[in-house]
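K.L.:
Build me a model:
(2 chains)
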Number of protein chains: 2
Amino acid sequence: MHLDGPVVLTIAGSDPSGGAGIQADLKTFAARGCYGTSAMTALTAQNTTGVQGVFPIPPEFVQKQVTSVMDDLDVRAIKTGMLFDAENAKAVATVLKARFESSASESRNIPVVCDPVCVSTSGHSLLYPDAVKAIISDLFPISTVITPNKSEAELLLSHLGHNYSITNLEDMISGASQLCAVGCQAVLVKGGHLQSAMAEIIATQQKHPDVKVIKHGVPENNMEILLVAAPNYDEIQFVVDVLYEQGGSVTMFIRPRIESTSTHGTGCTLSSAIASELAKGISLVQAVDNATIYTHHGIQTATAIGAGHGPLNHFHGWVPLLVPRPTPVNPYPFTQMLIKSAAKEWKEYVEHDFVKLAGKGTLDRACFIHFIKQDYLYLKYYARAYSLLAAKSASFEQIENATKTILNVLHEVGNHKAFCAKFGITEEELENTPESTATTAYGAYIMDTGLQGDTTKLMMALMACLLGYGEVGLWLKKQSTLPNTWVKLDGNPYRHWIDEYGGEMYQEAVRLGLETIEACAAADTPSETRLNEWKTVWAKCTKLEKGFWSMAMELKD
Amino acid sequence: MHLDGPVVLTIAGSDPSGGAGIQADLKTFAARGCYGTSAMTALTAQNTTGVQGVFPIPPEFVQKQVTSVMDDLDVRAIKTGMLFDAENAKAVATVLKARFESSASESRNIPVVCDPVCVSTSGHSLLYPDAVKAIISDLFPISTVITPNKSEAELLLSHLGHNYSITNLEDMISGASQLCAVGCQAVLVKGGHLQSAMAEIIATQQKHPDVKVIKHGVPENNMEILLVAAPNYDEIQFVVDVLYEQGGSVTMFIRPRIESTSTHGTGCTLSSAIASELAKGISLVQAVDNATIYTHHGIQTATAIGAGHGPLNHFHGWVPLLVPRPTPVNPYPFTQMLIKSAAKEWKEYVEHDFVKLAGKGTLDRACFIHFIKQDYLYLKYYARAYSLLAAKSASFEQIENATKTILNVLHEVGNHKAFCAKFGITEEELENTPESTATTAYGAYIMDTGLQGDTTKLMMALMACLLGYGEVGLWLKKQSTLPNTWVKLDGNPYRHWIDEYGGEMYQEAVRLGLETIEACAAADTPSETRLNEWKTVWAKCTKLEKGFWSMAMELKD
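P.N.:
Numbers count the residues shown, from 1 in each chain, chains lettered A, B, ... in the order given. This next block holds a predicted model:
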């Protein structure tokens, strides 16, 4: 999630218990990828069981907050919630109207989602009667959409002289149309307090063939296989929200009803989600669709907290980013994480006695010869593994990188041969050396990993060797420059071998390897399951590398 | 992210522009996996350029908000921020003390992180002088840790009779120790307004060998390969926070300094992050470590917004969950998403003319024979692909499922043979049928996908066939039960074929397939890159299935 989402402003009350009000709005804005700002109209003392007190903010200070936000930030959508009294309702309408009228054409078109909060879920009145009038006369005309629930719609309709209960879809459609006549661009009458059966939905569709229907969570055409495990849709209840747009276009948003007590702040959440989608430039119908689905899953995935109606789970749509992003001062965070995840094994590998004795030049000649012969055999697996990587690749770039590495390995093999010649070992003897168990284990493990998994997993298996020898080369090189160093390069029989891994050509291969796995981890961020697989492969290969040096030291077959 | 994180309460001021105050606190709580609640002590009108006004909340209503939250929710940590005046500072201390003293032993131990906010980043005073005294005398003694920055520490120290400027690490350590003597359990003096070079850090370590040092973003031992691309750490500046704990234990938290204007609300964010970690039961040192890293990345990844000091990027540690979670009314959301992602191709496949004509019983016999012969050849690829899946599997369960499917395929092959015998085709003729291009394309594509990727990707390639034939079987079965159906089962020469795919045994295989891919997608949530790969494979196979029917209809070789 990044800060580059659009700025959304909520003008509403505060719910200290965090489930409704500006708290729910801010959580929703964040969850929908927007940057949240808030101006408070009233504070409440409330929790999941009810409202214990309300403290209204003076209208001038409400306006001052709105001004501070809008003077500085590029607000792309506004949501209004609990306005409490007529003074604040008017103050909000006034400050917004003044800003829309005075500003350039772009700001005039900031969408406004007006949630006409009248009564809390727990039944506490959150709006004075004279405030309803102010909202209708001053705020509705500048609203893109208003979002009353059943009882709010009934209250608003009664102020317009229409006294009836909303009990079915027909009532919702006619109510929405009558409310829209007041001057807002659209009305969304929410059906959370009603129950609709599929039969009623179909009958309404048949009576109003122009009504658009958007279903969620219900398999559609050509999904017979999914219906088998689903409930019988003729027997369950649905929630239907009805959107009426100026001009008469009607859309019904349908989803299966969830029985849950985690509904505190549902209205705040829905209206904030709509505002977030509008801020992104999404059309109203699509915005309402996205917002209803988001809210539905917020209820569905909530855990009950508190003694009454608990809050929704606002952040259901996010999972942790497990690999830190690279920064200028830390360009290889993923590799750092890998190394730290098996720090002990890594140290035992790159600071192995074999390495130290080679650095001192006192390593037993027989051990080195055993090592170099086995390494020759290991490198055959290693080259084959890069060939497998090329074979599994999806891009020419990946194929080219793998192939370049094979050429590097062949170069390394050439060095091994030259080295062995110095020690009196012929190429034939090299080729006919029996493979030790440590070599087989390591080589075959890499190939098996490559056959089992994808290219990234195979790369994880190839990295311990590539990076570890680079580390050994750099470490010995660095140690050799320290005062009174234990590393002896002059006259060291293994100097050529040490120089090889600390040298430019090998280090360039290391750099390429580092950048490749960092790019993989950044572009294809792993789940915990997958990251653990990668770490397991890395740790296993690190251990096998250590075993390889030990095999050489102990002259094991 | 789920609601099951611990509840954290912030008692602080409001920043309508969303970067500091309770807004930053709530964003931080959410980002650290906690459920955020908030009691407001004062509203401000502010933005990234400065503070335009402050409106204090009456002390009684501050207490009322705290009471509403704590009466209902299981608060696991409290953070206090801007308290503004002495009345509110005392009111907060009083309500917390009363609660700690009256309640069971568990609540007494709720950690309190006190951020002694005195001055805003923009220089606006946010605390009356007499409030400083109240914080020191009433709030510090119940605090787990206090988190002053340089100027706040200096102000607090001057109230204790210590008048000096904090200019280096030595001053930070002695300042923290003097502040801790007042009675809080620990003091974190923040170094964001100081610059520390590596040489000073090393000198301090040498002078105080007992001081623990925790570095972030700096490669450690055995990471020579990572140092190559990193900056020269002797030349850059670091930020050091110093934690002093009662008893004298000192820890320095070190990270490279970032030059950024996105620092509005850094203090609020850090203290809220510490409170979040403490709420999870994490030790203080680890909590501070996690919180400083989190805040560091929040600054690092921020995009500049507003005309002044912009906010941090609070949600840098999260990525979108791209596969919806299953629910009781929608148990197969991932499959639904796959089908919808290639809805046109899927419909053209499962409602192909071949299917319709077979359902009517009027399909040309030659076309069906061509199909059944090619399907016989295709099923060899298909069985091999499941064998490859078994070979790539990591668990006996996966191996067993793949093997069961191979046995199902062999059963299907038996049916094909019996069917062909009825049409006068011998087994030898079947086996020697030349493979059509459509068969090769589809079969080889599945094998290639299996060789390229991991088991999940291979399963995506196997699903279009498994699920599509299940869909065809169920669709024809359902159509046959409708009044005046166009499907004719009685006397239909292809009835046995139709019954096979709508039958229990095949549908059981479909169910197993559905549950396997749903479980894969849920347990190993894909990145966008990976999800797109899966969708591509699914769409490709769906298209190849359609091509397979067309090949049969047109008798193509």
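K.L.:
What separation is there between the residue nearest to A:F368 when sequence neighbours are not counted and A:K356?
P.N.:
Leaving aside its sequence neighbours, A:F368 sits nearest to A:Y494 (C-beta to C-beta, 6 or more residues apart in numbering or on different chains; 6.4 Å). To be clear about C-beta, it is placed using only N, CA and C from the backbone, and glycine gets the same treatment. Distance, A:Y494 to A:K356, using C-beta to C-beta, to the nearest Å: 12 Å.
K.L.:
Look at these two and report which has more neighbours.
P.N.:
A:Y494 (22 against 16; other C-beta atoms under 10 Å in any protein chain shown).
K.L.:
Skipping its backbone neighbours, what lies nearest A:M82 in space?
P.N.:
For A:M82, the closest residue by C-beta to C-beta, 6+ apart turns out to be A:G13, at 3.6 Å.
K.L.:
how far away is the closest residue to chain B within the stretch 51-200 of chain A from B:A509?
P.N.:
Residue nearest to chain B within the stretch 51-200 of chain A: A:D72 (3.6 Å; C-beta to the nearest C-beta). As judged by C-beta to C-beta, A:D72 and B:A509 stand 61 Å apart.
K.L.:
cool, and A:N492?
P.N.:
Taking C-beta to C-beta, one finds A:N492 at 65 Å from B:A509.
K.L.:
same for the helix or strand in which A:E508 is found, what does it pack against?
P.N.:
Per DSSP states H and E: A:E508 is located in helix A:504-523. Packed against helix A:504-523, as judged by 3 or more C-beta pairs under 8 Å, 6 or more residues apart in numbering or on different chains; DSSP states H and E, are the following elements: helix A:333-341, helix A:396-422, helix A:455-481, helix B:224-227.
K.L.:
Just give me how far the shortest one sits from the chain centre.
P.N.:
When you say that, I think you mean helix B:224-227. 30 Å (C-alpha atoms, centre = their mean, to the nearest Å).
K.L.:
circling back to that earlier point, local confidence estimate at the residue nearest to A:F368?
P.N.:
Residue-level confidence at A:Y494 comes out at 93, pLDDT.
K.L.:
what does the one 5 residues further on give?
P.N.:
The confidence metric pLDDT takes the value 94 at A:D499.
K.L.:
again, but for A:H124
P.N.:
68.
K.L.:
Could you do the one 4 residues further on as well?
P.N.:
At A:Y128 the predicted local distance difference test score is 77.
K.L.:
now swap in A:F100 and tell me
P.N.:
Model confidence at A:F100 (pLDDT) stands at 89.
K.L.:
mind checking how far it is from B:P526?
P.N.:
In terms of C-beta to C-beta, A:F100 sits 43 Å off from B:P526.
K.L.:
Between these two, point out the one with more neighbours.
P.N.:
B:P526 (23 against 14).
K.L.:
Would you report the backbone torsion angles of the more buried one?
P.N.:
phi -80, psi 150 (degrees, to the nearest 10).
K.L.:
Same question for A:I214.
P.N.:
phi -120, psi 120.
K.L.:
Okay, and the beta partners of it?
P.N.:
A:I214 forms beta bridges with A:F253, as assigned by DSSP bridges.
K.L.:
show me what contacts it?
P.N.:
A:251-254, A:285, A:289 (C-beta atoms under 8 Å, 6 or more residues apart in numbering or on different chains).
K.L.:
quick one: low-confidence ranges for the stretch 101-250 of chain A?
P.N.:
A:103-108, A:120-124, A:126 (pLDDT under 70).
K.L.:
Where do the strands of it begin and end?
P.N.:
Taking DSSP state E, counting those that start in this stretch as the test, the strands found in the stretch 101-250 of chain A are A:112-114, A:145-146, A:186-189, A:196-197, A:212-215, A:237-245, A:250-256.
K.L.:
give me the number of residues near whichever residue of the stretch 451-557 of chain A sits closest to chain B?
P.N.:
Per C-beta to the nearest C-beta, A:L474 is where the stretch 451-557 of chain A lies closest to chain B, at 3.8 Å. Applying other C-beta under 10 Å, we find 21 residues neighbouring A:L474.
K.L.:
give the contact list for it.
P.N.:
If you count contacts by C-beta under 8 Å, 6+ apart, then A:L474 has A:502, A:507, B:224-225, B:228 around it.
K.L.:
can you pick the most crowded of the residues you listed?
P.N.:
B:I225 (27 neighbours).
K.L.:
wait, isn't that residue in contact with A:E471?
P.N.:
Yes. If you go by C-beta atoms under 8 Å, B:I225 and A:E471 touch, sitting 5.1 Å apart.
K.L.:
Check the contact lists of the two and give me the overlap.
P.N.:
By C-beta under 8 Å, 6+ apart, no residue touches both B:I225 and A:E471.
K.L.:
shouldn't the residue nearest to A:F368 be in contact with A:L363?
P.N.:
Yes. The pair A:Y494 / A:L363 is scored as a contact, 6.4 Å apart, by C-beta under 8 Å.
K.L.:
Residues of the stretch 151-300 of chain A that sit close to chain B?
P.N.:
A:217-226, A:228-231, A:236, A:256, A:258, A:297, A:300 (C-beta under 8 Å from any C-beta of the partner chain).
K.L.:
and those residues, which are buried?
P.N.:
A:217-219, A:222-226, A:228, A:230, A:236, A:256, A:258, A:297, A:300 (16 or more other C-beta atoms under 10 Å in any protein chain shown).
K.L.:
quick one: which two of these are the most distant?
P.N.:
A:N222 and A:I258 (26.1 Å; C-beta to C-beta).
K.L.:
In chain A, which residue sits furthest out from the middle?
P.N.:
Farthest-out residue of chain A from its mean C-alpha position, per C-alpha atoms, centre = their mean: A:G424, at 58.9 Å.
K.L.:
So A:A93 versus A:E545, what's the distance?
P.N.:
Counting by C-beta to C-beta, the gap from A:A93 to A:E545 is 71 Å.
K.L.:
same check, this time on A:G443
P.N.:
Distance from A:G443 to A:E545, by C-beta to C-beta: 12 Å.
K.L.:
Could you verify my assumption that A:L139 touches A:N88?
P.N.:
No. Counting by C-beta under 8 Å, A:L139 does not reach A:N88; the two are 10.7 Å apart.
K.L.:
These two: which is more packed in?
P.N.:
Using other C-beta under 10 Å, the more surrounded residue of A:L139 and A:N88 is A:N88, with 27 against 24.
K.L.:
In which helix or strand does the more buried one reside?
P.N.:
helix A:86-102.
K.L.:
Apart from its chain neighbours, what residue comes closest to A:D234?
P.N.:
Going by C-beta to C-beta, 6+ apart, A:D234 has A:M198 as its nearest residue, at 5.5 Å.
K.L.:
Nearest to A:K280 among the helices and strands packed on helix A:504-523 would be which one?
P.N.:
Closest among the helices and strands packed on helix A:504-523, once you apply C-beta to C-beta, is helix A:333-341, at 30.0 Å.
K.L.:
Give me the mean pLDDT for the closest one.
P.N.:
95.
K.L.:
Pull out the buried positions in it.
P.N.:
A:333-339, A:341.
K.L.:
Could I get the CA-only coordinates of that helix as PDB?
P.N.:
What follows is helix A:333-341, C-alpha atoms only, in PDB (Å, rounded to 0.1, in the frame of the first residue of the first chain):
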ATOM      1  CA  PRO A 333      17.200  -6.500   1.900                       C
ATOM      2  CA  PHE A 334      15.900  -9.900   0.700                       C
ATOM      3  CA  THR A 335      19.400 -11.400   0.500                       C
ATOM      4  CA  GLN A 336      20.100 -10.000   3.900                       C
ATOM      5  CA  MET A 337      16.900 -11.600   5.200                       C
ATOM      6  CA  LEU A 338      17.900 -15.000   3.700                       C
ATOM      7  CA  ILE A 339      21.400 -14.800   5.300                       C
ATOM      8  CA  LYS A 340      20.000 -13.800   8.700                       C
ATOM      9  CA  SER A 341      17.400 -16.700   8.500                       C
END
